[in-house]
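> Okay, predicted coordinates and the sequence, questions at the end:
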Amino acid sequence: MRIVVIGGTGLIGTKLVAKLTEHGHEAVPAAPSTGVNTITGEGLAEVLKGADVVVDVANSPSFEAGPVMEFFRTSTSNVLRAGDAAGVRHHVGISIVGTERMPDNGYFAAKIAQEELIKESGMPYSLVHATQFMEFVGAIADEGTWDDGKVHIAPVAWAPIAAEDVARNLGRVAVGGPLNGRIDIAGPDEFRMDEFFRKALAEHGDPREVVTDVHAKYFGSELTERSLVPIGEATLGELHYDEWSAAR
C-alpha cells in the first residue's frame, strides 16, 4: 500500500513513516524539505500519484488565531483537492481531543475548520483525536508560567499520550478501511493536571513552583473538568508517562 504522510518529517510523521515501512508499506514523507509545499501546492500532484492513502499530520508554523486558521484551511484544501485528482481512497487526519469543547481557542477552532473540510470533501476519511503529547509537557509548563515565575495549572483531568502511541494508532487507522468518523486516543493513565505537572517538573529538577489555579488558562482558554480528555470510548496508548520519561 502506498501511503503518503503529509508532514512526514515531523515528530509524528517520522515515527509513522518508520512504522508503516516496517510493516511492508510504501510510506512516503511529504514536507517542504522533500519538495512538497501544501500551501503553494508545489509537489503535491507528483507525490500523491498512485497513493492509496494520505495521512495528514502537518502542523502550522504559527499558533496565532489568524495564521493558524489560514494554514489549516489552505493546506487541507490543497491536499484534499490533489488527493481527489490522484484517486486517493482514504484521507486520515489528526486532531485534538476536546476541540469542540473549546471553540474560543484559536488553534482548536482551526482544527475544527480542518475537520469540516475533510468531512465535506466527499473523500472517504478517518479522524484521530489525540490527547496532548508527552513530548509537549515542557512547552505546556512554559506556557503556564506567569510573570511571578510560577506555573499556574488547572486541577482538571489530564491523560497525555506518547508520540509513539499516536503514530502506532494512526498507522492502524491508515491501513484499515475509512471510518467516515473519528476515534479518540489517550494515554493509559489519567491524572490531575496540576498534580502531574508538580511531580513531572520536580522529577526533572525544574525549580518552578506549580500553583493549582482553577482559572489557569490553557493556551488562552479556561478549562472544565474534562476539557482535555475523552468523554466516552477511547483507545488507550501503551506507554505510561513514567516509562516514557525514564527512557528519555
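Structure's in. What do you need? What you are looking at is a predicted structure, and each value in this text was computed from that prediction instead of being measured.

> Only C-alpha atoms from now on, for both contacts and neighbour counts.
OK.

> Flag every buried residue along the longest helix along the chain.
Of all the segments of type helix in the chain, defined by DSSP state H, the longest one is helix 65-86. The neighbour-count check on helix 65-86 (16 or more other C-alpha atoms under 10 Å) flags 67-69, 71-80, 82-84, 86 as buried.

> ok, now stretch 222-229?
When burial is assessed from 16+ other C-alpha under 10 Å, stretch 222-229 yields the following buried residues: L223, S227, L228, V229.

> which residues make contact with it from outside it?
Residues outside stretch 222-229 that contact it (C-alpha atoms under 8 Å, 6 or more residues apart in numbering): 97-98, 101-102, 131-132, 154-159, 186, 214-217.

> same deal with stretch 198-206?
P207, R208, E209, V210.

> Please, where are all the strands along the protein?
Remark: strands of the chain, listed N- to C-terminal, are 2-6, 26-30, 53-56, 90-96, 125-130, 151-153, 157-158, 182-186, 191-192, 210-212, 217-218, 221-222, 235-236; assignment by DSSP state E.

> Send over the longest helix of the chain as PDB, restricted to the C-alpha atoms.
The C-alpha atoms that make up helix 65-86 are tabulated as PDB, following Å, rounded to 0.1, in the frame of the first residue of the first chain:
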ATOM      1  CA  ALA A  65      -5.600  32.600  15.500                       C
ATOM      2  CA  GLY A  66      -5.500  34.200  12.100                       C
ATOM      3  CA  PRO A  67      -2.400  32.500  10.700                       C
ATOM      4  CA  VAL A  68      -3.200  29.100  12.100                       C
ATOM      5  CA  MET A  69      -6.700  29.200  10.600                       C
ATOM      6  CA  GLU A  70      -5.300  30.200   7.200                       C
ATOM      7  CA  PHE A  71      -2.700  27.500   7.300                       C
ATOM      8  CA  PHE A  72      -5.100  24.600   8.000                       C
ATOM      9  CA  ARG A  73      -7.800  25.900   5.600                       C
ATOM     10  CA  THR A  74      -5.300  26.400   2.700                       C
ATOM     11  CA  SER A  75      -3.100  23.300   3.400                       C
ATOM     12  CA  THR A  76      -6.000  20.900   3.900                       C
ATOM     13  CA  SER A  77      -7.900  22.200   0.900                       C
ATOM     14  CA  ASN A  78      -4.900  21.700  -1.300                       C
ATOM     15  CA  VAL A  79      -4.200  18.200  -0.100                       C
ATOM     16  CA  LEU A  80      -7.800  17.200  -0.500                       C
ATOM     17  CA  ARG A  81      -8.100  18.600  -4.000                       C
ATOM     18  CA  ALA A  82      -4.800  16.900  -5.100                       C
ATOM     19  CA  GLY A  83      -5.800  13.700  -3.400                       C
ATOM     20  CA  ASP A  84      -9.100  13.600  -5.200                       C
ATOM     21  CA  ALA A  85      -7.400  14.200  -8.500                       C
ATOM     22  CA  ALA A  86      -4.900  11.400  -7.800                       C
END
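
> Give me the angle between it and strand 2-6.
160 degrees (axes from the mean of the first three to the mean of the last three C-alpha atoms, to 10 degrees).

> Make 136 the first number, not 1, from now on.
Right, with 136 as the first residue, what we last looked at is helix 200-221.

> Show me what helix 200-221 is packed up against.
With contacts defined as 3 or more C-alpha pairs under 8 Å, 6 or more residues apart in numbering; DSSP states H and E, the secondary structure elements packing on helix 200-221 are helix 179-183, helix 241-255.
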